[in-house]
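> build me a model:
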Amino acid sequence: MRKNIEKVIFCVLIFCLGELTSCVNTAESSEICFIGDSITFLWDLEYYFPDKNIVKHGVSGTRIENIEKWNIDDCIGKKTVVLIGTNNIASNADEKPLEDSFYNYFFKYYGGLVHRLKATPFIAVSVLPRNEDGRQPTLVNEQIEILNNRIRRFLDTAGVDYKYINAFPYFLREGYSINNDLFSDGLHPSQEGYELLSRIIGGEI
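Numbering: from 1, shown residues only. Take a look at the predicted model:
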């Protein structure tokens, strides 16, 4: 009789341990970090991803080099979405094509972020097209497309676990002109734009 009771208790403990482990694994799998500039800052991530445990680091005006000074230790080793670059390219690409010095500078810090995070995986979202307040030429979007292609090629050779999500073309109307319905000011997505961006990314996270 006593042995039977002990067996029952043992089985119950094993079951409870399994359930506890399952809960921990579920919590870990649902945790996801987002890092970026004002596009990330304004993104209502809890609304669009209610089943995820969100950690958000988004600061308006951020450039890639600024993140080097951020405390993002809570994202190290975790699944992380990074959407960054529009503020770097905006002040450089309005009037002429970007030079190699721009890319060398950008990837010095982008690479530093990739290897610092040790994300599993590192989820890179392409820089979105822009026409802030209707004042920018389509040249800026041609340059953004080039930067996006270079980001993907960089990750191909970085030796890290990554996914690349190309949201760029979904925000264009024709050629390199933005779809104004998807932007609130030519830079930040409108509600419709955030809904689209969330759908594109949702299938990958």
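
> rest of the way, CA atoms for contacts and neighbours
OK.

> quick one, strands of this protein?
31-36, 53-58, 80-83, 122-125, 162-165, 172-174, 177-178 (DSSP state E).

> which helices and strands sit right next to the third one?
What it means is strand 80-83. Counting contacts by 3 or more C-alpha pairs under 8 Å, 6 or more residues apart in numbering; DSSP states H and E, strand 80-83 packs against strand 31-36, strand 122-125.

> residues in contact with that strand?
For strand 80-83, the surrounding residues in contact (C-alpha atoms under 8 Å, 6 or more residues apart in numbering) are 32-37, 40, 119-127.

> mind listing the helices for the protein?
Ranges of helices within the chain are 2-30, 38-41, 45-48, 86-90, 100-117, 139-156, 191-202, based on DSSP state H.

> can you give me the buried ones in the fourth one?
Along helix 86-90, these residues count as buried under the neighbour rule (16 or more other C-alpha atoms under 10 Å): 86-90.

> measure the residue nearest to residue 193 when sequence neighbours are not counted to residue 205 for me?
Among residues not flanking residue 193 along the chain, residue 182 sits closest, at 4.1 Å (C-alpha to C-alpha, 6 or more residues apart in numbering). For residue 182, the distance to residue 205 equals 22 Å [C-alpha to C-alpha, to the nearest Å].

> what's the answer for residue 126, then?
15 Å.

> which of the two has more neighbours?
Under the criterion of other C-alpha atoms under 10 Å, the comparison of residue 126 against residue 205 puts residue 126 first, with 24 against 16.

> dump the residue contacts of the residue nearest to that one when sequence neighbours are not counted.
Once flanking residues are discounted, residue 126 sits nearest to residue 166: 5.1 Å by C-alpha to C-alpha, 6+ apart. The contact partners of residue 166, by C-alpha under 8 Å, 6+ apart, come to 125-126, 148.

> show me the contacts for residue 77.
117-120.

> can you redo those as CSV with pLDDT, distance to residue 158 and neighbour count?
Shown next, in CSV, are the contacts of residue 77 (pLDDT from 0 to 100; distance: C-alpha to C-alpha, whole Å; neighbours: other C-alpha atoms under 10 Å):
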residue, pLDDT, distance to residue 158, neighbour count
117, 97, 13, 19
118, 96, 11, 17
119, 95, 12, 22
120, 94, 14, 16
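
> and residue 174, how many residues sit next to it?
Residue 174: 9 surrounding residues under other C-alpha under 10 Å.

> list the beta-bridge partners for it.
Applying DSSP bridges to residue 174 gives these bridge partners: residue 177.
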